[in-house]
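J.: Coordinates for the following, if possible.
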Amino acid sequence: MHASRSFASASLLALALLAGCQAASTPAAVASASPRDDLLARGEYMARMAGCNDCHTPGYAERGGDVPKAQWLVGSPLGNMGPWGTTYAANLRLKLAAMDEATWMQYSASLHTRPPMPDFNLRAMHAEDRRALYRFIRALGPAGGKAPEFLPPGQPPAPPYMQLVLPASAPAG
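T.: This next block holds a predicted model:
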């Protein structure tokens, strides 16, 4: 009985070693595809959950998120007018195409911009989430054109734009 258990153990060990040899001979491209795919899937998830498409993809909110990925994150001609002036959601696909990963990681960790961009959310993301966003957006490839330039307060934007009107301050009393 003891001999058959030893034989079975030795057989399992041999199979495990053979499986290890087979895995070691797998091409590097195949072996590394899974982590890359995971990072791209994570980046797509982050873009959806962080609301990037809400502003940076034309028609995304109006169509309930039913916009093909080929049209994602190309910026928007919709102005956001408020006391800060008028801002436009940047074309992230062109912006990130012009940055290497190290530049993006530094930029996204320290971004301070005008409303309505929730830059504080981007700065608060874990580095791996920001890296995943970068890789996903880069994988989409460059597309679209440059968004309109920021307009300072008092300079009227061309339509379309949304205007944020703040209530008057209550008198001190």
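J.: Now Trp84: closest residue in space, sequence neighbours ignored.
T.: Arg114 (4.7 Å; C-beta to C-beta, 6 or more residues apart in numbering). Every residue, glycine included, has its C-beta placed from N, CA and C.
J.: lowest-confidence helix or strand of the protein?
T.: Across the helices and strands of the chain, the lowest-confidence element by mean pLDDT, DSSP states H and E is helix 2-24, at a mean of 38.
J.: which residues are in contact with stretch 43-51?
T.: Contacts of stretch 43-51 from elsewhere in the structure, counted by C-beta atoms under 8 Å, 6 or more residues apart in numbering, are 52-53, 65, 69, 72-73, 118, 121-122, 125, 129, 132-137, 139.
J.: Go through that stretch and flag the buried ones.
T.: For stretch 43-51, the neighbour count (16 or more other C-beta atoms under 10 Å) marks 43-44, 46-47 as buried.
J.: and if you look at stretch 55-62?
T.: Neighbour-count burial for stretch 55-62, counted by 16+ other C-beta under 10 Å, picks out 55-58, 60.
J.: mind giving me JSON lines with those residues and columns for distance to Asp100, secondary structure and pLDDT?
T.: Shown next, in JSON lines, are these (distance: C-beta to C-beta, whole Å; DSSP: H, G, I helix; E, B strand; the rest coil; pLDDT from 0 to 100):
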{"residue": "Cys55", "distance to Asp100": "25", "secondary structure": "helix", "pLDDT": "97"}
{"residue": "His56", "distance to Asp100": "20", "secondary structure": "helix", "pLDDT": "98"}
{"residue": "Thr57", "distance to Asp100": "24", "secondary structure": "coil", "pLDDT": "98"}
{"residue": "Pro58", "distance to Asp100": "27", "secondary structure": "coil", "pLDDT": "97"}
{"residue": "Tyr60", "distance to Asp100": "27", "secondary structure": "coil", "pLDDT": "96"}
